[in-house]
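> no sequence on this one, just coordinates:
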């Protein structure tokens, strides 16, 4: 009976948040950019 919206959080190897979390949004290009920014942040980790 709970109505919840997706809340996306991308975490790195150490469990820390890579980029600001993203709430539900129907923008496909915006979501793709969110994922790409997460990939960039992940690849920059040492």
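Right, received. Where do you want to start? Since this is a predicted model, take the numbers as computed values, not measurements. Residues are numbered from 1 along each chain as shown.
> any idea where the helices of this structure begin and end?
Along the chain, counting by DSSP state H, helices occupy 28-44.
> Residue 41 contacts residue 18, doesn't it?
Yes. Counting by Cβ atoms under 8 Å, residue 41 does reach residue 18; the two are 3.9 Å apart. Using the backbone N, CA and C atoms, a C-beta is placed for each residue, glycine as well.
> in this structure, what spans have low per-residue confidence?
1-3 (pLDDT under 70).
> One more pass at 80, please.
1-4, 46 (pLDDT under 80).
> still on that earlier bit, mutual contacts of residue 41 and residue 18, please.
Listed as contacting both residue 41 and residue 18 by Cβ atoms under 8 Å, 6 or more residues apart in numbering are 10, 12.
> And those two? Which one has more around it.
Between residue 41 and residue 18, counting by other Cβ atoms under 10 Å, residue 18 is the more crowded of the two (19 against 15).
> With residue 43 as the reference, measure out to the more buried one.
Taking Cβ to Cβ, to the nearest Å as the measure, residue 18 falls 10 Å from residue 43.
> Provide the partner residues of residue 8 in its beta bridges.
residue 22 (DSSP bridges).
> No further queries at this time; thank you.
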